[in-house]
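Engineer: All I have is the shape, not the residue letters:
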């Protein structure tokens, strides 16, 4: 494990207490991110009419372009500091807000959407662009992961890309939110129970990020809800063998022939 991306005891305690981490060393240099961004149009070209970039879910299973990012040793070092030595990757998806986009991401907890137990998962948010409060950067409620999973309500806010959300004032207080700021090539970590969301992007700058989700090998997916779920062991051993194991991709750009299914999409929310 490289020392530069190994979490310190202080960082581990902060994550445990607050549910997120910022200020981490870059995963990719500016030059490396330029190269990664230059490849992105090849992936976007695989989208079908009526689809948007948020439909790029679990394409790491069929694209070495994304799989290599998910398995970057620097990212895995950070994740190991949270989950311990045995963990797998199981999900990835893009959140791309084009300039002057009205789309928001309502306040939510990742864990509400996914049929997985116990709670032992971390989301990596890798910035493809510089991200801040001007172009719709994410905000998170510190410590909110300790309150458990809250029942989400069906959204009446049409600008949100989510349909199930939490309500400021009744479910939590948004005034305590921390603004995430990342340079392209940097990432943040957050607990799957942490309440977070992001506003629209009224700026002239794109705001693109790739979320990658990792879980300890003790976490089991409910195949009755999400039958196409597959794991890709990142570190250690899978001593539990709770879940199906995927085959790493061989083509540079490809799309799966299945759709991942969340609790909401399965009618279980």
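Structural biologist: On my side now, so go ahead. Here the structure is a predicted model, which is why all the values come from computation and not from measurement.

Engineer: The spatially most central residue of the chain: helix or strand, and which one exactly?
Structural biologist: Taking CA atoms, centre = their mean as the criterion, residue 211 is the residue nearest the geometric centre of the chain, at 2.8 Å. When elements are assigned from DSSP states H and E, residue 211 belongs to strand 207-216.

Engineer: and residue 172, what does it touch?
Structural biologist: Contacts for residue 172 (CB atoms under 8 Å, 6 or more residues apart in numbering) come out as 107, 141, 144, 147, 150, 166, 195. In this view, the C-beta of every residue, glycine as well, is placed from N, C-alpha and C.

Engineer: contacting residues around residue 96?
Structural biologist: Taking CB under 8 Å, 6+ apart as the criterion, residue 96 is in contact with 53, 54, 128, 206, 207, 208, 209.

Engineer: Which member of those is positioned nearest residue 116?
Structural biologist: Lowest distance from residue 116 to these (CB to CB) belongs to residue 54, with 20.2 Å.

Engineer: So what pairs up with the residue nearest to the centre of the chain in the strands?
Structural biologist: residue 93, residue 125 (DSSP bridges).

Engineer: For residue 173, see how far away it is.
Structural biologist: Applying CB to CB, to the nearest Å, the value for residue 211 to residue 173 is 25 Å.

Engineer: and what of residue 243?
Structural biologist: With the distance defined as CB to CB, residue 243 ends up 36 Å from residue 173.

Engineer: do residue 104 as well
Structural biologist: Using CB to CB, residue 104 is found at 19 Å from residue 173.

Engineer: swap in residue 267?
Structural biologist: Taking CB to CB as the measure, residue 267 and residue 173 are separated by 31 Å.

Engineer: neighbour count winner among these two?
Structural biologist: Comparing residue 267 with residue 173 by other CB atoms under 10 Å, the one with more neighbours is residue 173, at 12 against 8.

Engineer: tell me the pLDDT at the more buried one?
Structural biologist: The predicted local confidence for residue 173 comes out at a pLDDT of 80.

Engineer: residue contacts, the residue nearest to it when sequence neighbours are not counted?
Structural biologist: Taking CB to CB, 6 or more residues apart in numbering, and ignoring the residues beside it in sequence, residue 173 has residue 141 as its nearest neighbour in space, at 7.6 Å. By CB under 8 Å, 6+ apart, the contact list for residue 141 reads 107, 172, 173, 174, 176, 177, 178, 194, 195, 196.

Engineer: The fifth one contacts residue 195, correct?
Structural biologist: This means residue 176. No: here residue 176 does not reach residue 195: they are 10.0 Å apart, not a contact under CB atoms under 8 Å.

Engineer: Any buried residues in stretch 106-126, and which?
Structural biologist: Within stretch 106-126, the residues that qualify as buried by neighbour count (16 or more other CB atoms under 10 Å) are 106-116, 119-126.

Engineer: Take these and keep only those in helices.
Structural biologist: Restricting those to those inside helices, with DSSP state H as the criterion, leaves 110, 111, 112, 113.

Engineer: Residue 176 and residue 195: who's more crowded?
Structural biologist: Set side by side, residue 176 and residue 195 show more neighbours around residue 195, with 29 against 13, by other CB under 10 Å.
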